[in-house]
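S.K.: next comes the sequence, and after it the predicted model I'd like to discuss.
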2 protein chains.
Amino acid sequence: MATLTAKGAATRARIIEGASATIRELGVTATTLDDIRERTRTSKSQLFHYFPGGRDELLLAVARFEAARVLTDQQPHLGALTDWDAWSAWRDAVVERYRRQGTRCPLHTLTSQLGGTSPGAQAVVTELLRHWQAEIATGVRHLRDTGRISPGLDPDTVAAALLAGIQGGVHIQMATGSTAHLEAALDTALAHLRASAPDLARDTARSGALAARDG
Amino acid sequence: MATLTAKGAATRARIIEGASATIRELGVTATTLDDIRERTRTSKSQLFHYFPGGRDELLLAVARFEAARVLTDQQPHLGALTDWDAWSAWRDAVVERYRRQGTRCPLHTLTSQLGGTSPGAQAVVTELLRHWQAEIATGVRHLRDTGRISPGLDPDTVAAALLAGIQGGVHIQMATGSTAHLEAALDTALAHLRASAPDLARDTARSGALAARDG
DNA sequence: TCAGGAATGGACTTGCCAGTCCATTTTTTC
DNA sequence: GAAAAAATGGACTGGCAAGTCCATTCCTGA
């Protein structure tokens, strides 16, 4: 793969997207290169031309593709967690995103297969988590700096806990099909933040810290 | 498998345990029946004798085995979440359990492979989660009924959020190798509970003289 | 002790699927 | 417009791993 013409790049992208869709339908283990070949209208040689490392390299590319999508699907909310309304909108966007995705999380299964095997896949996930958590932490820090939450809360710890709740909520959704846990995790975390508000700020937010849900 | 002699039952159990151990080392996808056969000193025919449904049936049995272990590993703490000390001990036990397990969670990978495929595996996980959450909720309810936390908190929601945090923390550990997120999730959830305590109970808890309250 | 069922051994079949290879077509470049 | 490079087609291989089958040994109960 010395150089890549426009046509070549398009084919490569088509393969990744098609593989991603196929994996969503069949799961990683059940997806064969022939399935991908058929859906993307490519030949075996093309698959290996664009991904000389074979199946693993393709899967890694798909993981990268999916990881990017996870973050963009949360925009513009994730990048602007300024006031409570923004947090609420983000919360809804996250729930909606995963509800729409259904009971298959390509990235989860993808990394559970590649995770231990290749350090590359591990890096993709680690980087995604790091970025995601950093964005959340920035939002929390903003809440703190504007006096909306207790100054005693550590933004990074809160963000880590929130991210864990989201991950677990999604994971449970994969097994049960319900987003109840994801919602509980998000709502409880937000309630925690709201309840920590200094009296003045809480009065301003006024809508009931315990009720948590959209006041 | 009309009847099962003592010897047969022992062999069956040996296969499940050996398969479980092998999967922990190699991961689900990389584990072949021959690997299991070799480790458990059995023959191909034995594998299919005790698990006529083949690989999938064996994997399901392993999932059941692992699911049971998840809960027993948390005992006796999980069954007696009465006061803050008990909660703290449980928290430590959970962290320790997963730290010891390392970056391979057999159940996670097991179900991510069987999850979508077989309804049986899904049932195993769902039941595990249900049971786990119920135990946590019982503990939360006890805290509430003894006035240690705000009566406004819904035990089931809190338990769901906490369980999601644990699951996510473990999941992140699989990718990063660190239990930081798991600990953040647990600690944040417990901090939330403690912070919700009515003033009297919080003061009492701080001093450790719990017996005196509510006379 | 012997008969029938359970347990075991292990060779063999079968099918799939990743990866290879070379021929052919298309595009780029000078 | 011709050579070089890139893209494509698709048959073929090789190996692996699940599952089958039958022969043999072991156990149990009457």
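M.R.: Arrived safely.

S.K.: C-alpha from now on. contacts and neighbour counts both.
M.R.: Noted.

S.K.: surely A:Arg37 touches A:Leu47?
M.R.: Yes. Applying C-alpha atoms under 8 Å as the test, A:Arg37 and A:Leu47 come out as touching, 7.5 Å apart.

S.K.: and A:Thr126, what element?
M.R.: Using DSSP states H and E, A:Thr126 falls within helix A:119-145.

S.K.: for that helix, enumerate the helices and strands it packs against.
M.R.: Here helix A:119-145 touches helix A:55-72, helix A:106-114, helix A:155-176, helix B:155-176, going by 3 or more C-alpha pairs under 8 Å, 6 or more residues apart in numbering or on different chains; DSSP states H and E.

S.K.: which of those sits closest to DNA strand D?
M.R.: Of all these, the one in closest proximity to DNA strand D, counting by C-alpha to the nearest atom of the strand, is helix A:55-72 (13.1 Å).

S.K.: wait, does the closest one contact DNA strand D?
M.R.: No. Using C-alpha under 7 Å from any atom of the strand, helix A:55-72 stays clear of DNA strand D, with a minimum separation of 13.1 Å.

S.K.: so which residues make contact with the helix or strand that that helix is followed by?
M.R.: Following helix A:55-72 in sequence order, the next helix or strand is helix A:84-101 (DSSP H and E). Helix A:84-101 has contacts (C-alpha atoms under 8 Å, 6 or more residues apart in numbering or on different chains) with A:73-74, A:77-78, A:80-81, A:170, A:179, A:182-183, A:186, A:205, A:214.

S.K.: so which bits of chain A are right by chain B?
M.R.: By C-alpha under 8 Å from any C-alpha of the partner chain, the residues of chain A that approach chain B are A:27, A:29, A:104, A:108-109, A:112-113, A:115-116, A:122, A:125-126, A:157-158, A:160-169, A:171-172, A:174-176, A:181-182, A:184-186, A:188, A:192, A:210.

S.K.: and with 7 Å instead?
M.R.: Counting by C-alpha under 7 Å from any C-alpha of the partner chain, the positions of chain A adjacent to chain B are A:109, A:112, A:115, A:122, A:125-126, A:157-158, A:160-161, A:164-169, A:175-176, A:181, A:184-185, A:188, A:192, A:210.

S.K.: quick one on the thing from earlier: confidence-wise, which of the helices and strands packed on helix A:119-145 is weakest overall?
M.R.: Here the lowest mean pLDDT among the helices and strands packed on helix A:119-145 goes to helix A:106-114, at a mean of 79.

S.K.: give me the below-cutoff pLDDT ranges for chain A.
M.R.: A:1-2, A:115-117, A:199-215 (pLDDT under 70).

S.K.: in it, which residue sits nearest chain B?
M.R.: Here chain A gets closest to chain B at one residue, A:Gly168, 3.5 Å apart by C-alpha to the nearest C-alpha.

S.K.: most neighbours of all the contacts of helix A:84-101, which one?
M.R.: Sorting these by how many neighbours each has (other C-alpha atoms under 10 Å in any protein chain shown) puts A:Val170 first, at 31 neighbours.

S.K.: domains for chain A, by residue range?
M.R.: Domains of chain A are assigned by automatic domain parsing as A:6-52, A:66-205.

S.K.: can you pull the contacts of A:Leu58?
M.R.: Going by C-alpha atoms under 7 Å, 6 or more residues apart in numbering or on different chains, A:Leu58 touches A:Phe51.

S.K.: get me the contact residues on chain A for DNA strand D.
M.R.: Within chain A, the positions near DNA strand D by C-alpha under 7 Å from any atom of the strand are A:1-9, A:11, A:41-46, A:49.

S.K.: in helices only, show me those residues.
M.R.: A:Ala6, A:Lys7, A:Gly8, A:Ala9, A:Thr11, A:Lys44, A:Ser45, A:Gln46, A:His49 (DSSP state H).

S.K.: how many other residues sit next to the first one?
M.R.: Spelled out, it's A:Ala6. A:Ala6 has 9 neighbouring residues, counting by other C-alpha under 10 Å.

S.K.: from the centroid of chain A, which residue is nearest?
M.R.: By C-alpha atoms, centre = their mean, chain A has its centre lying nearest to A:Val70, at 3.7 Å.

S.K.: roughly how far apart are it and A:Leu26?
M.R.: 20 Å (C-alpha to C-alpha, to the nearest Å).

S.K.: dump the residue contacts of A:Val28.
M.R.: A:Thr109, A:Leu110.

S.K.: in three-state terms, label it for me.
M.R.: The assignment at A:Val28 comes out as coil when based on DSSP: H, G, I helix; E, B strand; the rest coil.

S.K.: look up how far A:Arg55 lies from it.
M.R.: 11 Å.

S.K.: do the same with A:Arg69
M.R.: Distance of A:Arg69 to A:Arg55, computed by C-alpha to C-alpha: 21 Å.

S.K.: do A:Arg39 as well
M.R.: 16 Å.

S.K.: same question, A:Asp73
M.R.: Taking C-alpha to C-alpha as the measure, A:Asp73 and A:Arg55 are separated by 27 Å.

S.K.: now the angle from the helix holding A:Thr126 to helix A:106-114?
M.R.: Relative orientation of helix A:119-145 and helix A:106-114, computed by axes from the mean of the first three to the mean of the last three C-alpha atoms, to 10 degrees: 140 degrees.

S.K.: buried residues of helix A:119-145, list them for me.
M.R.: A:120-122, A:124-126, A:128-129, A:132-144 (16 or more other C-alpha atoms under 10 Å in any protein chain shown).

S.K.: what do you get for stretch A:31-38?
M.R.: Buried residues in stretch A:31-38, counted by 16+ other C-alpha under 10 Å: A:Leu33, A:Asp35, A:Ile36, A:Arg37.
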